[in-house]
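Asks: Everything below, folded, please.
(chains A, B and C)
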Amino acid sequence: MPQNETVQDLQLDEYKYGFVDEEQHVFRTQPGLSEEVVRQISANKDEPAWMLDFRLKALEVYESKPMPTWGGDLSTLQETLDEIYFYVRPQDKMERSWDDVPANIKETFEKLGIPEAEQKVLAGVGAQYESEMVYHSLKQEWEDKGVIFDSIEDGLKNHPELFRKYFGTVIPTADNKFSAMNSAVWSGGSFVYIPPGVELETPLQAYFRVNQERMGQFERTLIIAGEGSRAHYIEGCTAPVYSTESFHSGVIEIVVEKGAHFRYTTIQNWSNNMYNLVTQRALVHEGATMEWLDGNLGSKLTMKYPSCYLIGEGAHGNILSIAYAGDGQHQDTGGKIIHAAPNTTSSIVSKSISKGTGRSSYRGLLQVHDGARNAKSNVECDALLIDENAKTDTYPYIEIDEKTAHIGHEATVSKVGDEQLFYLMSRGMSEEEAMALIVRGFIEPIAKLLPLEYAVELNRLIELEMEGSVG
Amino acid sequence: MSAPILKIENLQAKVADEDLQILRGVDLELNAGEIHAIMGPNGSGKSTLAKVLAGHPGYEVTGGTATFEGEDILEAEPDERSQAGIFLAFQYPVDIPGVSIANFLRTALQAHAGDEELDLFEFQDLLMEKMDLLDMDPSFAERPVNDGFSGGEKKRNEILQMACLQPKLALMDETDSGLDIDALQIVANGVNKLREDNPEMTVLLITHYQRLLNYIEPDFVHVIVQGRIVESGGPELALRLEDEGYATWQSEVTEEVG
Amino acid sequence: MSASTETTIALNEGVTEALSREAATARSAGEPEWMRERRVHAFDVYARTPMPTRRLEEWRYTDLGEKLDLASLSLGTRSEVADDPSAWPAGVRATMEEDWDAAAHVVLIDGTVVHVDLDEALAGKGVVVTSLRDAVNDEETWEDAKQYLATQAVKPERGKFAALNCALYLDGVYVYVPRGVHVDLPVRVTRWISTSAAAHFDRALILAGETSKVTYIDEVLSDDLDTHTFASNAIEVIAKDGASVQFVQMQRLGRNVFAHSQQRTLAHRDATANTLNVALGATTSRVDLNAQMLGPGSSSEMLGLYFGDGDQHFDHNTSQDHVSPHAFSDLLYKGALDGDAKAVFRGIIRVHPKAQQSDAYQTNRNLLLSETASADTLPNLEIAADDVKCSHGATVGQLDEESLFYLMSRGIPQEKAERLVVMGFLGEILLKVSLGGVIEKITREIERKLAHV
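Replies: Here you go, the predicted structure:
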């Protein structure tokens, strides 16, 4: 049982994913973003002309939009963006077998436990290193059932019609400044298609690794879950710790067709020098269910609000968000739910833990459009503060244009109480064990929804982060 | 007679961060296997005594000593005192949302076991045995600690923890408060069963009312008023208190102070 | 690019022929020099502050460009109505009929104080209830007025409209309760707006000395007006150590009025500053309320109640600042919306660093009675201390069908049952206020509105 582990068992470094591999690339653009950079990326990928047009238009939109002044502190982001590499190609082609992946990159993923997990518990694995997917593989039985799980580039090449039908339709280029940026320079990410009626029993996983210093990663993922299908997609992210800042801005578009059930899980554990500004959205059709399970533990600043657009009658959206903000971190996370059809239901559960000088902010939008009769939604935000310098904010926007809507929102802020600690210590636990137990209890409602392996990982990561938090 | 298991001499304590003296020189000796009851009016310091012995951070010891099995305990952390064999049954047990009783007890028992790995099957057996002893439904162990519990459930949970941790000294802080007579009997029966199992367990009952002593019979009764033990005797003292109240001693002390 | 150097230069947004620097100077005729300077300074702040737009969080759901037309307004002028009830508008007399239990009465017409009476015994104890103009000029009160008027609570720097009110207020009410004096009956203020197509500005300064106690009931009303009219009001409450102030505002203005009330309560050590805002009238009603918990042991109960119908738009913008540790604040705003009415609630609890052991709560509940009514609610928290108890909640829903069914199954017709349920929903607020006359007035008004449902 994972709960049996205690912090004493985990004599590990604070951030165990902080190792650096030898730098390796076959091509990279000049630092900073320019039309030239965009053209180089497109040329490097040997794309159709329409995609280059798409990128160049997106660059214009990006440049026309002001830097957001809400959320986290982006005041020095422009300086970072001027210095980073927007595209780094680590190897010439993507592999289907780990044996063909260059040794040092393979070693990285082995350290992260990916090939092992693939054999045991996953239906398929994609691994991105810097700007490109270096590995992609799907178990034969799913391939036989017509499942497509490929790099986004191969999606464009091999399934052009399907790709073009959906690409950029869920998140338009102009949605926000960073979706526009991603649209201009996207590289890597997954293309997933689950045929109607197919139910994947084990999850697909994509793993994102940034190794290069001063790197920007811009993966783009497009997922289509066909009618009545069922699948779970998991992404994990890590990077080495550098003194300079890095940048990650993904765009994830998901279409959940009628009656389908799709879950997207993120365990984001970027190093603390990473800006993580991600746009994730799902269009949820009639009777379908979309679940976002969003775990944000790493990064310097994360601004990320997974959204569900409930556009079909009876659609259901679920957002579970867990954030951990340690020293110097700001997690500005939450979710958006738009009820645009009758009898749609949704829930958002957010749990955040702030420690040291960390700050966690919940930011959410809940909208019920006129005519979305009998929409029901419930939002719950709980924040736990570990010490007196920690900070937490809650900004829920609730906009209701429909009489028959039934909406509730509740939030609480609490600290780990002295009385709680004493109670546990009077039963023989050390202060650290007591703290870990309380925090585990706090995140339990979310951890229990994760597959066991991930629940263990989440608990372990949080315990690692919590180490040395008392004293 | 061998050395007392708990020996308190001239113990003085105040509320931390405040200039409020509560214990003004308590002397008390408990021998292994004895049951002592401490009774006193509101604000007399009886609960404070239990909390100070368990190491509650809300109080500061300002003088005197307390030794457990010959060792000074006043400097020890609460977890160290627990591991040494002292158990405080809380007057107001604390909620730990999301943490099941089983998980909580396993963590506590592992802490007591030290480096030795707790055997999960043995733990399960122990938990089931103790729950059976206390007539508790096994599903109780899966509920989050005290979260949404009734007053009686919280107190039974305290007794279950006591049963599993098998302390040498149980400090029972107003275990009877907030319980109706049925719940009181259940809790008292639990304590008595644990004593049958482990006659060496020493018990210090802190109570405001005599009624608990109908179910758990003490060997000694002490009266605490304004932070000092003003009289000690046998069970008959409790009956006298029931009839006369604390007025006699309160006026004495007041005169003494005035 | 010289934009950065120009930012200090007046933008003059919202500066019109009527709302001008000259008007601010003219208003200070007969006032001491410091007041003139304060008005002119306030006007300059107004002129250089950009007009709030929906891009600002605080104005996200109220579009001033659409709701307020400053250019169409003249500046409200001194009313010549005599200090004689028979000369007062019928609406004033009608509402004052019930106001017998009072320590003092003040009547304002179009921002002009036309009547003041104060219990003689209280006057003997040093209580002052007077027109703000008199307080500013009178040597007994001007020191306090100078110290507190628009300097600590609703000062010009609070925002464009706070500045405008300070620059152009015509008159208002000044209340001073000396240390230790308890004013048991309420001070009742009736403010009537009669001139349309004008911008009216008035304000109140309520100074409660140490351990004193006072209740202030502010009723603002008018008939339905034929053209767009602006009624701006500022309320400053200063509760010194151990003082207890209860402030109630009942807004029953007529259609075509844009009502704007800016309120700020400062509660010092162990002081209580409670507020109740009732919004029933006006076409657009905006209340900005900021409660400051400045001393340990201070507290603020903040209640709000609104009932909108037709095309009414209510916007409550509240904030609870816990600056000091060991303070308490609890906000509950409830409203029902019918017709095309829209309610906006934006609340924020800010627990400042070091404000440990703060208890702060915030709840907004809305009932939508029609297909076209809507409610936007943003209950925010910003917590920078760890040892706190804070929570907030918001709900939007329709009438509970179970309750309706239960009542109907006992023979109550649907319409009546609905009214009962709505009254029950809003009644939770009224139950918390034990003020003679106030509950009855509000209940009657809501029932009158409900009768049209």
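Asks: average model confidence for stretch A:57-68?
Replies: Averaging pLDDT along stretch A:57-68 gives 95.
Asks: in that stretch, what counts as buried?
Replies: Applying a neighbour-count criterion of 16 or more other CB atoms under 10 Å in any protein chain shown, one finds A:58-59, A:61-62, A:65 buried in stretch A:57-68. The C-beta positions use only the backbone N, C-alpha and C, and glycine is treated the same way.
Asks: same deal with stretch C:352-362?
Replies: C:352, C:355-356, C:358-362.
Asks: That stretch vs chain A: in contact?
Replies: Yes: interface with chain A: stretch C:352-362 contributes C:353, C:356 (CB under 8 Å from any CB of the partner chain).
Asks: ok, that stretch near chain B or not?
Replies: No: Stretch C:352-362 is not in contact with chain B by CB under 8 Å from any CB; minimum separation 11.9 Å.
Asks: So what's the gap between that stretch and the chain middle?
Replies: 24 Å (CA atoms, centre = their mean, to the nearest Å).
Asks: Closest one to chain B out of the buried residues of stretch C:352-362, please.
Replies: Closest approach to chain B among the buried residues of stretch C:352-362 (CB to the nearest CB): C:Gln356, at 11.9 Å.
Asks: Any idea which of the buried residues of stretch C:352-362 the model trusts least?
Replies: Among the buried residues of stretch C:352-362, C:Gln356 has the weakest pLDDT, 86.
Asks: quick one: that one and C:Lys389 touch, right?
Replies: No: assessed by CB atoms under 8 Å, C:Gln356 is found out of contact with C:Lys389, at 10.9 Å.
Asks: Enumerate the residues of the stretch 351-471 of chain A near chain B.
Replies: A:417-420, A:422-431, A:433-434, A:437-438, A:440-445.
Asks: let's see it at 7 Å
Replies: Residues of the stretch 351-471 of chain A that fall close to chain B, judged by CB under 7 Å from any CB of the partner chain: A:418-420, A:422-423, A:425-430, A:433, A:437-438, A:440-442, A:444-445.
Asks: Pull out the buried residues from those.
Replies: Burial by neighbour count, 16+ other CB under 10 Å: within these this picks out A:420, A:422-423, A:425-430, A:433, A:437-438, A:440-442, A:444-445.
Asks: From the residues you listed, which land in strands?
Replies: In strands, judged by DSSP state E, none of these are found.
Asks: So what touches stretch A:38-53?
Replies: A:27, A:29, A:55-56, A:59, A:87, A:89, A:153, A:156, A:184-185, A:187 (CB atoms under 7 Å, 6 or more residues apart in numbering or on different chains).
Asks: Pull out the buried residues from it.
Replies: For stretch A:38-53, by 16+ other CB under 10 Å, it's A:38, A:40-42, A:44-45, A:47, A:51-52.
Asks: out of these, what pair is the most spread apart?
Replies: The distance between the two most remote of these (CB to CB) is 13.6 Å, for A:Gln40 and A:Met51.
Asks: residues touching the closest residue to chain C within the stretch 101-250 of chain B, list them.
Replies: Closest residue of the stretch 101-250 of chain B to chain C, CB to the nearest CB: B:Asp147 (16.6 Å). Residues counted as contacts of B:Asp147 (CB under 7 Å, 6+ apart) are B:95, B:97.
Asks: how about it, secondary structure?
Replies: Three-state assignment for B:Asp147 (DSSP: H, G, I helix; E, B strand; the rest coil): coil.
Asks: Excluding chain neighbours, what is closest to the residue of chain B found nearest chain A?
Replies: Closest residue of chain B to chain A, CB to the nearest CB: B:Gly98 (3.2 Å). Nearest in space to B:Gly98, with sequence neighbours left out and distances taken as CB to CB, 6 or more residues apart in numbering or on different chains, is A:Gly441 at 3.2 Å.
Asks: what about the helix or strand where B:Glu9 lies and chain A, any contact?
Replies: Secondary-structure element containing B:Glu9, defined by DSSP states H and E: strand B:6-15. No: interface with chain A: strand B:6-15 contributes nothing (CB under 7 Å from any CB), its closest point being 13.4 Å away.
Asks: what's in contact with whatever helix or strand comes next after that strand?
Replies: Reading on from strand B:6-15 to the C-terminus, the next helix or strand found by DSSP H and E is strand B:21-30. Outside of strand B:21-30, the residues within contact range by CB under 7 Å, 6+ apart are B:4-15, B:36, B:45, B:48-49, B:52, B:64, B:202, B:204, B:222, B:226-229.
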